[in-house]
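J.: Sequence below, structure please.
(one chain, ligands or ions: 1)
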Amino acid sequence: MKVADGFIFTEHGLIRGHAVHENGVTELFEGPSKDVPDLYGVIVPSLIDAHTHCADAGVRPKPGMSLEELVAPPDGLKHVYLRNTPRDRLVGDMRSFGSQARANGIATFVDFREGGAEGCRMAREACPDAVILGRPISPEFDPNEIDDILSVADGIALSSLKDIDLSYAERIADRTHRAGKTFALHVSERVREDIDTVLALEPSFVVHMVEATDPDLRKCADSDVPIAVCPRSNRYFGKAPPLKRMMDIGNTVAMGTDNAMLCSPDLRPEADLFSQILGEGTKEYTWIWECMCAGGRKLLYRSRGIIAQNEKEMAFAVLPLEGDRPECAWTDSGPVIPFRNDPECSP
Ligand SMILES: [Zn+2]
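T.: Predicted coordinates for the structure are as follows:
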């Protein structure tokens, strides 16, 4: 028997509670444990990292590189790296990324996988439980390539509409929808993109929306399209997602960690940066926990054909708190617990 004591994330916020894990079953109870706990922390449904690029860990960005120089296809540094690095090395990097994610309470991550069908095969081999959204290599629409990707991946995710031809994106989105799989893309990361054009592609979710206007965000909320945000990655490029506006407008927001070369697969530093951007307050605090613990799950429910595969993964994680019994301030809606305070990206 293992006992975790601390706080439980519930739909009503964090409550004092404990979990008992025995014979493969975890039970949750209100109030402190009478047994001496093995772990102390916040008990949450196992987390979902809503946006990653898991093969990038070995890329070494030079200081001061722009977003375009680093990640824009086809000749940004990371794409040159992915083309020129041996398969074994990439699979190994993806595998260690998966182990790190698990150690941080992440049951699954949603990977925008470059490298066409072969990139997806590598990711599937390294991280069988990951949600893999592949990206075609061919500059022209190639239905055979799309079908090949979809035979191994959960769907297709594109770079940005700024980088590609719209009719190419439309044909890919259409073929992905017809296969009943997930279609997603980066939107308004560097510059604002037209949200009506994006939503016409019927994405399951969008990533970033850093440069989005209020009407753009409202249209996402009205269309029930979740947003995966990655504030550590944005900060590396001197930007910040408009979290306050997303919160006030009522967007469904999930946390992602983006490029593995910049950020570890850990949602706690993302949550910490959320609180720096939003400032303190019960409403803000509750929302951050919700984005961290429930946002990724909502995003997967919205995506086609994914959740059934990952339902077996729905267990609990305990996010340990620093120190033995950390200081917790109580508010009307529950305890205020510090997120881990190491939000820096490490290139
Ligand atoms: Zn990305």
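J.: I'd like to know how far residue 8 sits from residue 94.
T.: Residue 8 is 32 Å from residue 94, where distance means C-beta to C-beta, to the nearest Å. In short, each C-beta sits where N, CA and C put it, glycine included.
J.: Now residue 231. Its backbone dihedrals?
T.: The phi/psi pair for residue 231 (degrees, to the nearest 10) reads phi -60, psi -30.
J.: Contact partners for it?
T.: Counting by C-beta atoms under 8 Å, 6 or more residues apart in numbering, residue 231 touches 240-241, 243, 270, 273-274, 277, 343.
J.: Check which residues of stretch 217-225 are buried.
T.: Using 16 or more other C-beta atoms under 10 Å as the test for burial, stretch 217-225 gives 217-220, 225.
J.: swap in stretch 36-56?
T.: For stretch 36-56, a neighbour-count test (16+ other C-beta under 10 Å) marks 37, 39-56 as buried.
J.: Report the rounded mean pLDDT for that stretch.
T.: Averaging pLDDT along stretch 36-56 gives 89.
J.: Roughly how far does residue 1 sit from residue 164?
T.: For residue 1, the distance to residue 164 equals 54 Å [C-beta to C-beta].
J.: Please say which of those two ends up with more neighbours.
T.: residue 164 (16 against 8; other C-beta atoms under 10 Å).
J.: Could you pull up the contacting residues of the nearest residue to the more buried one once chain neighbours are set aside?
T.: Residue nearest to residue 164 in three dimensions, not counting chain neighbours: residue 158, with 6.5 Å by C-beta to C-beta, 6 or more residues apart in numbering. By C-beta under 8 Å, 6+ apart, the contact list for residue 158 reads 135, 164, 169, 172, 184-186.
J.: Take these and keep only those in strands.
T.: Counting by DSSP state E, the contacts of residue 158 place 184-186 in strands.
J.: Quick one: the residues you listed as CSV, columns for pLDDT, neighbour count and distance to residue 153 too.
T.: Putting these into CSV (pLDDT from 0 to 100; neighbours: other C-beta atoms under 10 Å; distance: C-beta to C-beta, whole Å) gives the following:
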residue, pLDDT, neighbour count, distance to residue 153
184, 97, 28, 12
185, 98, 26, 14
186, 97, 25, 17
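J.: Quickly name whichever of those residues is closest to residue 65.
T.: residue 186 (17.6 Å; C-beta to C-beta).
J.: My read is that the closest one contacts residue 169, right?
T.: No: under the criterion of C-beta atoms under 8 Å, residue 186 makes no contact with residue 169, lying 11.7 Å away.
J.: Which elements pack onto the longest helix seen in the chain?
T.: Looking across the chain with DSSP state H, the single longest helix is helix 87-103. For helix 87-103, the elements it packs on are strand 47-53, helix 116-126, judged by 3 or more C-beta pairs under 8 Å, 6 or more residues apart in numbering; DSSP states H and E.
J.: got these as a markdown table, with distance to residue 301 columns?
T.: Converted to a markdown table, the helices and strands packed on helix 87-103 look like this (distance: least, C-beta to C-beta, whole Å):
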| stretch | distance to residue 301 |
| --- | --- |
| strand 47-53 | 11 |
| helix 116-126 | 22 |
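J.: can you tell me which of those comes nearest to residue 234?
T.: Using C-beta to C-beta, these put strand 47-53 closest to residue 234, at 11.4 Å.
J.: which other helices and strands contact that closest one?
T.: When contacts are defined as 3+ C-beta pairs under 8 Å, 6+ apart, strand 47-53 packs onto helix 87-103, strand 106-113, strand 205-208, strand 253-255, strand 258-259, helix 296-302.
J.: what about the closest residue to residue 237 other than its chain neighbours, distance to residue 208?
T.: The shortest distance from residue 237 to any non-neighbouring residue, by C-beta to C-beta, 6+ apart, is to residue 67 (4.8 Å). Computed as C-beta to C-beta, the residue 67 to residue 208 distance reads 11 Å.
J.: pLDDT-wise, which helix or strand of this protein ranks last?
T.: Of all helical and strand segments in the chain, the minimum by mean pLDDT, DSSP states H and E falls on helix 307-310, at a mean of 42.
J.: what sits up against the next helix or strand after that helix?
T.: Sequence-wise, the next helix or strand downstream of helix 307-310 (DSSP states H and E) is strand 316-320. Identification of contacts with strand 316-320 by C-beta under 8 Å, 6+ apart yields 4, 6, 19, 26, 28, 39-47, 105-107, 268.
J.: In helices, which of those appear?
T.: Members of the contacts of strand 316-320 lying in helices (criterion: DSSP H): residue 268.
J.: show me what contacts residue 166?
T.: residue 197.
J.: which residues touch residue 195?
T.: Residue 195 neighbours (C-beta under 8 Å, 6+ apart): 187-188, 212, 215-216, 219-220.
J.: Determine which two of these are furthest apart.
T.: Across those, the longest distance by C-beta to C-beta is 13.9 Å; it joins 187 and 215.
J.: Buried ones from the contacts of residue 231, can you make that a ChimeraX selection?
T.: Buried members of these can be picked out in ChimeraX with the line below, counting by 16+ other C-beta under 10 Å:
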select :241,243,270,273,274,277,343
